[in-house]
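Asker: Sharing a sequence plus its predicted fold:
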Amino acid sequence: MTDTDREMQESQRRKRPGKQKKKKKSMKGWLVLIVTVGLILAVVFGCRIKTIRITGNERVSDETIQTLIQYDKCQNNSLLLWLLNRKTDISSEPLLNSIHVQLRNPQTIVVQVNEEKLSGYVQSEDEYIYVNDSGKIVLKQTEKLQDVLLLSGITADTAEVGEQLVSDDTGVFADFLDIAAILRSEAITADSLGKSDDGGYYIVMGKVKVLLGKDIYMEEKISELNDLLSKLEGLSGTLHLEEYDSTKDSIIFTKDS
């Protein structure tokens with residue numbers, strides 16, 4: 001064997017491993033591509049939204065919630081919708097505190113809505129000013145919302161959304177907020193809450209006026225009112241709870257003549 005033959009054999013031995021490495025790299029590249037395509041197809045076709053549940057909203061419609069979470073932009077893909085709502089912009093809806101989008105499973109989206117609790121409203125000319133439990137102004141508009149308590153006799157010296165409502169009688173306004181919170185805890189819907197000339201408080205529920213008296217045992221009085229609601233249906237008159245005493249049968253109802 002000549003020196004030339006030996007050099008050719010040695011050259012061939014060196015080339016063979018290189019070809020094997022190229023084949024391995026090529027196979028690995030195809031494997032990565034196949035896995036990637038598979039994942040993409042799984043995301044596109046496996047994450048189709050079949051169910052979307054919106055909970056917690058009473059005043060803000062489902063349609064508005066869907067607009068806020070950009071449902072029309074998600075191409076009916078649950079993963080994309082979830083990613084779009086890692087932080088949902090709710091600045092356009094003052095009645096909302098938060099929106100939380102949960103990916104329950106690839107086909108199910110649950111949207112948890114937290115709405116602002118409205119204690120009542122103050123009417124200023126043709127505008128309704130709605131406040132929360134702390135007296136902060138949540139909303140101002142010319143449209144009256146249903147099932148919100150009128151805080152009768154309260155005037156708004158300042159009425160900017162996001163600020164505390166400043167009343168000419170801060171003590172009465174604070175009591176109003178406390179009474180409104182108790183009414184809501186008892187699930188009692190009233191039309192208006194006011195203060196009478198004798199310093200006591202009253203609420204109006206349809207054709208029934210409920211005299212609550214001064215701010216003493218207010219929770220007990222309103223709890224008693226809750227127990228009497230079924231008996232007040234269809235009646236017109238005044239329910240006297242101002243002298244309420246749990247140890248005595250001291251409740252009087254005066255029918256309108």
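Answerer: Received, thanks.
Asker: So what pairs up with the residue most central in space within the chain in the strands?
Answerer: A centroid search over the chain (CA atoms, centre = their mean) returns residue 114, at 1.8 Å, as the residue closest to the centre. In this entry, residue 114 is beta-bridged to residue 98, by DSSP bridges.
Asker: That one contacts residue 90, correct?
Answerer: No - in terms of CB atoms under 8 Å, residue 114 does not count as a neighbour of residue 90; the distance is 9.6 Å. From N, CA and C alone the C-beta is placed, and that goes for glycine too.
Asker: Overlap of the contact sets of these two?
Answerer: 96-99 (CB atoms under 8 Å, 6 or more residues apart in numbering).
Asker: which of these count as buried?
Answerer: Of the members of the shared contacts of residue 114 and residue 90, the ones counted as buried by neighbours, 16 or more other CB atoms under 10 Å, are 96, 99.
Asker: Just want the phi and psi numbers for the nearest residue to residue 94 once chain neighbours are set aside.
Answerer: Nearest residue to residue 94, sequence neighbours excluded (CB to CB, 6 or more residues apart in numbering): residue 139, at 5.0 Å. In this entry, residue 139 is assigned phi and psi values of phi -150, psi 140 (degrees, to the nearest 10).
Asker: Bridged to residue 139, which residues?
Answerer: residue 130.
Asker: Low-confidence stretches in the stretch 1-150 of the chain?
Answerer: Within the stretch 1-150 of the chain, the segments meeting pLDDT under 70 span 1-46.
Asker: Could you list the domains of this structure?
Answerer: 51-115, 120-255 (automatic domain parsing).
Asker: The longest one: end-to-end distance?
Answerer: What it means is domain 120-255. End-to-end distance of domain 120-255 (CA to CA, to the nearest Å): 28 Å.
Asker: cool, and the first one?
Answerer: Using CA to CA, one end of domain 51-115 lies 22 Å from the other.
Asker: again with stretch 129-141
Answerer: 7 Å.
Asker: which other residues reach it?
Answerer: By CB under 8 Å, 6+ apart, stretch 129-141 touches 94-95, 116-123, 127-128, 145, 148, 151, 156, 159-165, 173-174, 177, 180-181.
Asker: same thing but 7 Å
Answerer: 94-95, 116-122, 127-128, 145, 148, 156, 159-165, 173, 177, 181 (CB atoms under 7 Å, 6 or more residues apart in numbering).
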